[in-house]
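Trainee: Pasting the sequence and the predicted coordinates here, then a few questions.
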Amino acid sequence: MLQLNKYICALAAILFFYSCTEDKKEPSDTPTSGDVNIVVDQSYQQLFDTQIYTFQSLYQNAKVHAVYLPENEAIERLIDDSCKVVVMGRDLTSEERKHFEKANIYPISTKIAEDAVAFIINNENADTAMTAEKIKSILLGTDSLWHWPMEKTIPAEQRKITIVFDNNGSANTRYMKDTLLKGHAFTKNAFAVKTNPEVIDYVSKNKNAIGVISVNWISDRDDSQVLNFLKKIKVLQVSKDASSEPVKPYQAYIKTKEYPFTRNVFMINRQTRAGLGMGFVSFVAGDKGQLMILKAGLIPAIAPVRLVEVNTK
């Protein structure tokens, strides 16, 4: 009986040891393997479809599970730990950082690109250029009519400008309200659909509309979907003021800030250990990821270095 008790005690000790080991199980992901959940602002879906595909092709034991959501939902997912990494057109606010710090979490923000907010119009619209101040007055509703040639023959109701955003909680909506309107409300003639492609579709069918989208959806001229979008609409030229030349949101003008509505793109990682989240951020911020950003028509945070051999003989 004594011997049986010894065996029972030994078995209990072994089970206790393994249960403790299981509780302290090390994370199974590494910078190039395992699984990670990320949320990407819908503005950057075109770009990150390519980034994820390339990363997983290079590291076949890695699986990046991406969900594309508006900016406000992306940050909520990061806060409640539904994902480890988010991609947004802004950095965390001081209030958001304080929330993480209370839980002893210190997210790492990595700038990966510069992009722009683009304005699109119907192919039949004769207006092709505006100042930033003009756009502001339209968004506020103080200027609500198109001033087309022969406007006296067209009733005012048929010249009413409508503004369409991709989503009420999107980076584009937040950017225009915070940056241009300084928190003031949009005109009653503004509304939101759900996605950037829906904005493009709406504008293509409505002559009076101005669409507000991320330039990422119309910047990669090697993408067949982008080329199809560009056939359906026109991109508005915008100038900083009346004395400046109006320009489209092309790379050169985003870089020089001649185009007035530019912003930084960040990847924010709450997985501060060396896991797959950190590995994927490093990839996008590295040479291969930055080259894809350049090809997509955005400005890489770190311009890829091009080595050229010079023959001095």
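Mentor: Sure thing, it's come through.
Trainee: mind listing what the strand ranked longest in the chain pairs with, with the direction of each?
Mentor: Using DSSP state E, we find that the single longest strand of the chain is strand 108-122. Strand pairing for strand 108-122, determined by DSSP bridges: strand 209-214 (antiparallel), strand 233-235 (antiparallel), strand 262-269 (antiparallel), strand 299-300 (antiparallel).
Trainee: and the helix or strand following the second one, average pLDDT?
Mentor: For strand 233-235, the succeeding helix or strand toward the C-terminus, using DSSP states H and E, is strand 237-239. Confidence over strand 237-239, taken as the mean pLDDT, stands at 97.
Trainee: Same check on stretch 203-213?
Mentor: Mean per-residue pLDDT for stretch 203-213: 96.
Trainee: who's in contact with Asp41?
Mentor: By Cβ atoms under 8 Å, 6 or more residues apart in numbering, the residues touching Asp41 are 68-71, 74, 86-89, 170-171. Just so you know, the C-beta spots here come from the backbone N, C-alpha and C atoms, and that holds for glycine as well.
Trainee: Drop anything exposed from those residues.
Mentor: For the contacts of Asp41, a burial check counting by 16 or more other Cβ atoms under 10 Å picks out 68-71, 74, 86-89, 170-171.
Trainee: returning to what we had before: could you give me the buried positions within the longest strand of the chain?
Mentor: So strand 108-122, judged by 16+ other Cβ under 10 Å, has buried residues 109-110, 112-122.
Trainee: And stretch 254-268, by the same measure?
Mentor: Within stretch 254-268, the residues that count as buried by 16+ other Cβ under 10 Å are 254, 258-268.
Trainee: May I see those residues arranged in JSON lines, with pLDDT and distance to Gly211 as well?
Mentor: Converted to JSON lines, the buried residues of stretch 254-268 look like this (pLDDT from 0 to 100; distance: Cβ to Cβ, whole Å):
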{"residue": "Ile254", "pLDDT": "95", "distance to Gly211": "19"}
{"residue": "Glu258", "pLDDT": "96", "distance to Gly211": "22"}
{"residue": "Tyr259", "pLDDT": "97", "distance to Gly211": "17"}
{"residue": "Pro260", "pLDDT": "96", "distance to Gly211": "17"}
{"residue": "Phe261", "pLDDT": "97", "distance to Gly211": "14"}
{"residue": "Thr262", "pLDDT": "97", "distance to Gly211": "18"}
{"residue": "Arg263", "pLDDT": "96", "distance to Gly211": "18"}
{"residue": "Asn264", "pLDDT": "97", "distance to Gly211": "23"}
{"residue": "Val265", "pLDDT": "97", "distance to Gly211": "20"}
{"residue": "Phe266", "pLDDT": "98", "distance to Gly211": "25"}
{"residue": "Met267", "pLDDT": "98", "distance to Gly211": "27"}
{"residue": "Ile268", "pLDDT": "97", "distance to Gly211": "27"}
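Trainee: ok, so of those residues, who is nearest Leu78?
Mentor: Proximity of the buried residues of stretch 254-268 to Leu78 (Cβ to Cβ) peaks at Ile268, which lies at 6.6 Å.
Trainee: Strands along the protein, start to end?
Mentor: Ranges of strands in the chain, per DSSP E, are 34-41, 62-69, 85-88, 108-122, 129-131, 162-165, 190-192, 209-214, 233-235, 237-239, 262-269, 299-300.
Trainee: Looking at the ones you listed, which is nearest to Gly275?
Mentor: Of all the strands of the chain, strand 34-41 sits nearest to Gly275, with 6.8 Å by Cβ to Cβ.
Trainee: angle of that closest one against strand 262-269?
Mentor: Strand 34-41 runs at 150 degrees relative to strand 262-269, counting by axes from the mean of the first three to the mean of the last three Cα atoms, to 10 degrees.
Trainee: can I see the domain layout of the protein?
Mentor: 34-114+264-296, 116-262 (automatic domain parsing).
Trainee: Among the buried residues of stretch 254-268, list the two that are farthest apart in space.
Mentor: Greatest spacing in the buried residues of stretch 254-268, by Cβ to Cβ: Glu258 and Ile268 (28.6 Å).
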